[in-house]
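[1] The sequence and its predicted three-dimensional model are supplied below.
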Amino acid sequence: MANEAYICRIRTDLSHGIVQITDLKPNTSRRSLTYDKVSQSGYLGDRVENDAVVTAAAGGDDVTAAAYVGLAAYLLDHVEATGLGAGTGAFSDADALTASTALIAIADAGGALTLAAINVALSLVAATTELTSAGGSASTGSVAEVLQIISGNTYTLPAGSVTETPTGTFNPSVSGTFDAGDYRQLYQSGAFSMSLGGGDLATLTAATFTYGTVAGAAAVCYDDTGAVLV
């Protein structure tokens, strides 16, 4: 489905349940349960999660040593490092964390997270790496899923997940899952555009937004391609 929107919390000093976005429609508390299927108003989403991941050899495979949550876990599960070059394995533990941290830094700076931008960031960590299989790699990622994680959805990679087979080859079988229980998918509606133009989202994305005594944007908004919405 197209036309999705993603609001990503980029400040670390805002706790869950502090900031509300009330001018998106349908309003969560006022919507018709019969006609308004997807509520849009609510609290600003949680900060992106990003556990450091650890893998270990088990029966020749590389497997996760515990359950891990967040963007590094997603990249470990979905990305074939140097898949467009000579390499065929998964990211190393350190590279998965480095790559995920780089993507989060782009969002925190208000930068675009298009497929091209993501691929550049990944390739700076491991040359000729891509998020998707568009270039011929075995990667299974998507821009939409990266944006979901950065906008607060929880991705969990279970303990014992195989990231590489005994031959050192990336395992393209996806082991992790999203927790969709509390995640609200937002859409680029007229109300969303109006909010971004002069409402709650305009306030939250402005450099003048102030919490406590600190000024700075609280969020950045993306469309379904990873372009920044302004």
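    That came through, no problem. Since this is a predicted model, take the numbers as computed values, not measurements. Numbers count the residues shown, from 1 in each chain.

[2] for this protein, what spans make up the strands?
    4-9, 20-21, 42-43, 55-58, 61-64, 68-69, 154-157, 162-164, 177-179, 186-187, 210-211, 214-215, 219-222 (DSSP state E).

[3] quick one: Met194 and Asp23 touch, right?
    Yes - under the criterion of C-beta atoms under 8 Å, Met194 makes contact with Asp23 at 7.2 Å. Glycine gets a C-beta too; all of them are placed from N, C-alpha and C.

[4] Show the low-confidence segments of this structure, by residue range.
    By pLDDT under 70, the weakly predicted segments of the chain are 1, 26, 28-37.

[5] residues contacting Ser133?
    139-140 (C-beta atoms under 8 Å, 6 or more residues apart in numbering).

[6] any idea how far it is from Asn119?
    Ser133 sits 12 Å away from Asn119, going by C-beta to C-beta, to the nearest Å.

[7] Please identify the buried residues of the longest helix seen in the chain?
    Counting by DSSP state H, the longest helix found in the chain is helix 93-108. By neighbour count on 16 or more other C-beta atoms under 10 Å, the buried set for helix 93-108 is 93, 95-100, 103-104, 106-108.

[8] Export the strands of the chain as a markdown table, with columns for distance to Leu84 and mean neighbour count.
    Formatted as a markdown table, these follow (distance: least, C-beta to C-beta, whole Å; neighbours: other C-beta atoms under 10 Å):
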| stretch | distance to Leu84 | mean neighbour count |
| --- | --- | --- |
| strand 4-9 | 27 | 24 |
| strand 20-21 | 39 | 17 |
| strand 42-43 | 40 | 18 |
| strand 55-58 | 22 | 14 |
| strand 61-64 | 21 | 20 |
| strand 68-69 | 26 | 22 |
| strand 154-157 | 24 | 22 |
| strand 162-164 | 18 | 21 |
| strand 177-179 | 27 | 12 |
| strand 186-187 | 33 | 18 |
| strand 210-211 | 42 | 12 |
| strand 214-215 | 42 | 10 |
| strand 219-222 | 25 | 24 |
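
[9] Cheers, nothing more for now.
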